[in-house]
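In: Need a 3D model of the following:
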Amino acid sequence: MILMFLVSLGVLLMGYFLYASYVSKVLGVNAQNPVPSVTKRDGVDYVPTNKFILFGHHFASIAGAGPILGPIIAMSMYGWGPTLIWVLLGGIFIGAVHDFSSLVISVKNDGRSIFDISRDVLGKFSSFFMLLFVFFALIIVIAVFSAYTAVTFVSEPRIVIPTFVILLAAVFLSLLIYKFKLPLVLSTIIGLFVIGFSVFLAFNFGISVVLPFDKETSVKVWIFVLLFYSYIASIVPVSLILQPRDYLNSYILFLGILSGIMGILFFGFFDNVSVKVPFFEVSEVAKDPVSGLIEPIWPVLFITVACGAISGFHSLVASGTTSKQISNEKDTKFVGYGSMITESLLSVVVILSVVFFLPFSDLISFVKEGKSIPAFGKSFGELTSFLFGGWGLSFAILMINGFMLTTLDTATRISRFVFEEIFRSIFTNKVSKYISTLLIVFISGYLALSGTYIAIWKMFGTANQLVAALALVVISVYLLKKGSNNFITLIPGIFMVVTTLGSILFYLYKYAFVSFNLTFLVITFVLFIISITCYL
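Out: Sure, this is the predicted structure:
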């Protein structure tokens, strides 16, 4: 266990200190260049931010449930070997480069999103279709994560109070830093103490919030509450809620990673744990239950792992909100590349917790029943049992809920930016942020409440990686026009284009001729049309 962890950690650190430095030179990162957070400062979206606060905000925004659930599902299909290898190599050479370059290029172009920049390099026609697709994908993200967060509130009501205390602590932290000018360290300690005390009260005394409805109705009520919060978080200044909330919440996420690492070291030294998941095995999860058709390791593995190796959503965060808060261009490596490497490290911890603490048969059963979150909770709870005792499972659920909630409000804010870009491209004038955000939460709420997200979730992995492929194509063309070496993004871009197209073609074949499913077939066909239109 320790050897697997140390090798993985060493590979990730080499990527950050060696390869990221090379990428930084290729991208022309220069501390003397002006940044949009200063030149366009408005106190709402463009706000110069301490790099440590921004790292926490950015990492919490990009680290949704993907780096946890993706590897778990992939391991249940193909074993831990291919999953771990892809997380490491994909994270260093593709995912982190994708995030880093998206952030840098956005900073160099007045904080414009990578898909807004695509108009300059690919033309208005392809750019418009890219924006439509990105908006569609973000709506799915908001719908899915609002529903899943609501479900966690109902299944583990003790996390409700700590979750909302974090929001109050975030506003308090913002006032301490920006109004009362308290030092960051002192303000952080105060905020974390408030959060820690709420967690202690909730879990130690069983203080919970249980709505007086049945389970289904309670989930719907929480969806309304979460979308209302997302609406508010999207329109108020980023420094009031979103930024400090993600910064504080990131400590919970980092605590999760740290406790997982401590568990690995503890059991590695003091307990004789054994591998419970095979290095490579194609299980029944990778087979169609009716026809027996096997989903091939390429391209399915590379779509399933998602955020632990690369995620198109990251480019939307990097160029949608983070680029508007970078206070110095040299911080882009730490925030952009560093956050992605940290997310890959999270996936490594998840992989090791499952490999050593969850029998393969149990893993398969969990995933087949759609219970990947309980699978993580059980394995991570065992891994951290020496620290948290019986609270390990609850802490795991609290942590993954934090991931989902940060993705939810960030996706809502980015959706507003994307919608405004689409509106301007059609009508050449601005649309009110209040109206655009209301439209976004309304559509997302309809999908979440109707249950449509269940039917399209399996295709979202492909959609997410298609966004990444499109971003890498845009960046490669941009670098080529600037006369820079674009191989750092061109080669990953080609791989992701071929992989996403391969996935789309496979699922077109599967849902049309092998295991007919009209919903999945229509969604896959739409993805195919959009991808071909954009690439052409």
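In: For the nearest residue to Lys433 once chain neighbours are set aside, give me its contacts.
Out: Nearest residue to Lys433 in three dimensions, chain neighbours excluded: Ile235, at 5.4 Å (Cβ to Cβ, 6 or more residues apart in numbering). Where C-beta positions appear, they are placed from N, C-alpha and C, glycine not excepted. Residues near Ile235 by Cβ atoms under 8 Å, 6 or more residues apart in numbering: Arg416, Lys433, Tyr434, Thr437.
In: Top of those by number of neighbours, please.
Out: Neighbour counts for the contacts of Ile235 peak at Arg416, which has 25 neighbours (criterion: other Cβ atoms under 10 Å).
In: Please list all residues in contact with that residue.
Out: Arg416 neighbours (Cβ under 8 Å, 6+ apart): Ser234, Ile235, Lys433, Ser436, Thr437, Ile440.
In: Looking at those, which are in strands?
Out: Residues of the contacts of Arg416 located in strands (DSSP state E): none.
In: Please narrow the residues you listed to those residing in helices.
Out: Ser234, Ile235, Lys433, Ser436, Thr437, Ile440 (DSSP state H).
In: Let me know the closest of those to Phe357.
Out: Ser234 (38.7 Å; Cβ to Cβ).
In: Make sure that closest one is actually in contact with Thr410.
Out: No. Judged on Cβ atoms under 8 Å, Ser234 makes no contact with Thr410 at a distance of 9.2 Å.
In: Name the spans of this protein whose pLDDT lies under the cut-off.
Out: Residue ranges of the chain with pLDDT under 70: 370, 402, 451-459, 534-536.
In: Now do stretch 281-294: distance to the chain's middle.
Out: Per Cα atoms, centre = their mean, to the nearest Å, the displacement of stretch 281-294 from the mean C-alpha position of its chain is 28 Å.
In: Could you tell me the end-to-end distance of it?
Out: 12 Å (Cα to Cα, to the nearest Å).
In: which outside residues touch that stretch?
Out: With contact meaning Cβ under 8 Å, 6+ apart, stretch 281-294 is reached by 73, 76-79, 295, 297, 300, 360, 364, 367-368, 510, 514-515.
In: go on, stretch 171-186?
Out: 50, 52-53, 187-188, 190-191, 194, 239-241, 243-244, 247-248.
In: Can you give the distance of it from its chain's centre?
Out: On Cα atoms, centre = their mean, the centre of stretch 171-186 falls 27 Å from that of its chain.
In: Convert the helix or strand containing Phe100 to PDB, retaining C-alpha atoms only.
Out: Applying DSSP states H and E as the criterion places Phe100 in helix 96-107. Extracted in PDB, the C-alpha atoms of helix 96-107 (Å, rounded to 0.1, in the frame of the first residue of the first chain):
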ATOM      1  CA  ALA A  96      -3.300  19.600 -15.600                       C
ATOM      2  CA  VAL A  97      -2.000  21.000 -18.900                       C
ATOM      3  CA  HIS A  98      -5.600  21.500 -20.000                       C
ATOM      4  CA  ASP A  99      -6.500  23.400 -16.800                       C
ATOM      5  CA  PHE A 100      -3.300  25.400 -16.700                       C
ATOM      6  CA  SER A 101      -3.400  26.500 -20.300                       C
ATOM      7  CA  SER A 102      -7.100  27.300 -20.100                       C
ATOM      8  CA  LEU A 103      -6.400  29.600 -17.200                       C
ATOM      9  CA  VAL A 104      -3.300  31.300 -18.700                       C
ATOM     10  CA  ILE A 105      -4.900  32.000 -22.000                       C
ATOM     11  CA  SER A 106      -8.000  33.400 -20.400                       C
ATOM     12  CA  VAL A 107      -5.800  35.700 -18.100                       C
END
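In: Helix 96-107 and the helix or strand following that helix, what's the angle between them?
Out: Next helix or strand after helix 96-107 toward the C-terminus (DSSP H and E): helix 114-122. Interaxial angle of helix 114-122 relative to helix 96-107 (axes from the mean of the first three to the mean of the last three Cα atoms, to 10 degrees): 80 degrees.
In: Helix 114-122: which residues count as buried?
Out: Buried residues in helix 114-122, counted by 16 or more other Cβ atoms under 10 Å: Ile114, Phe115, Asp116, Ile117, Ser118, Arg119, Val121, Leu122.
In: farthest pair in the contacts of Ile235?
Out: Arg416 and Tyr434 (9.8 Å).
In: which residue ranges form the helices in the stretch 101-250 of the chain?
Out: 114-122, 124-155, 160-174, 184-204, 215-235, 242-270 (DSSP state H, counting those that start in this stretch).
In: I'd like to know which of those is closest to Phe380.
Out: Nearest to Phe380 among the helices of the stretch 101-250 of the chain is helix 242-270 (6.7 Å), distances taken as Cβ to Cβ.
In: Buried residues of the following helix or strand past that closest one, list them for me.
Out: The helix or strand immediately downstream of helix 242-270 is helix 297-304, counting by DSSP H and E. For helix 297-304, the neighbour count (16+ other Cβ under 10 Å) marks Ile297, Pro299, Val300, Leu301, Phe302, Ile303, Thr304 as buried.
In: and of those, the nearest to Met1?
Out: Proximity of these to Met1 (Cβ to Cβ) peaks at Leu301, which lies at 22.9 Å.
In: Tell me if I'm right that the closest one and Met75 touch.
Out: No. With contacts counted by Cβ under 8 Å, Leu301 stays clear of Met75, the gap being 10.0 Å.
In: overlap in contacts of the two?
Out: Joint contacts of Leu301 and Met75 (Cβ under 8 Å, 6+ apart) are Thr83.
In: Give the burial count for the closest residue to Leu88 other than its chain neighbours, as a bare number.
Out: Distance criterion Cβ to Cβ, 6+ apart; nearest residue to Leu88, sequence neighbours excluded, is Val11 at 5.1 Å. By other Cβ under 10 Å, the residues close to Val11 number 17.
In: Tell me how far Val11 lies from Leu449.
Out: Remark: distance between Val11 and Leu449 (Cβ to Cβ, to the nearest Å) = 43 Å.
In: Taking helix 124-155 as reference, get the angle to the longest helix along the chain.
Out: The longest helix of the chain (DSSP H) is helix 392-427. Here the directions of helix 392-427 and helix 124-155 differ by 150 degrees (the same axes, to 10 degrees).
In: Pull out the buried positions in helix 392-427.
Out: Going by neighbour count (16+ other Cβ under 10 Å), the buried part of helix 392-427 is 392-423.
In: One more: stretch 165-176?
Out: Buried, per 16+ other Cβ under 10 Å, within stretch 165-176: Val165, Ile166, Leu167, Ala169, Ala170, Phe172, Leu173, Ser174, Leu176.
In: residues touching Ser21, list them.
Out: Here Ser21 is in contact with Lys333 (Cβ under 8 Å, 6+ apart).
In: Could you number the chain from 8 rather than 1 from now on?
Out: That works, and once the first residue is 8, the last one we named lands at Ser28.
In: pretty sure it belongs to a strand, no?
Out: No. Counting by DSSP: H, G, I helix; E, B strand; the rest coil, Ser28 is located in no strand; its state is helix.
In: still on that earlier bit, tabulate the contacts of Arg423 (JSON lines), appending distance to Ala209.
Out: Listed next are the contacts of Arg423 as JSON lines, based on distance: Cβ to Cβ, whole Å:
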{"residue": "Ser241", "distance to Ala209": "27"}
{"residue": "Ile242", "distance to Ala209": "29"}
{"residue": "Lys440", "distance to Ala209": "34"}
{"residue": "Ser443", "distance to Ala209": "36"}
{"residue": "Thr444", "distance to Ala209": "30"}
{"residue": "Ile447", "distance to Ala209": "31"}
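In: Regarding Thr56, what are the backbone dihedral angles?
Out: phi -130, psi 140 (degrees, to the nearest 10).
In: now do Gln39
Out: Backbone torsions for Gln39, taken as degrees, to the nearest 10, come to phi -90, psi -10.
In: buried stuff in whichever strand or helix holds the residue nearest to Leu95?
Out: According to DSSP H and E, Val18 maps onto helix 9-21. Of the residues in helix 9-21, those buried by neighbour count under the rule 16+ other Cβ under 10 Å are Met11, Phe12, Ser15, Val18, Leu19.
In: For stretch 287-299, measure first residue to last.
Out: 19 Å.
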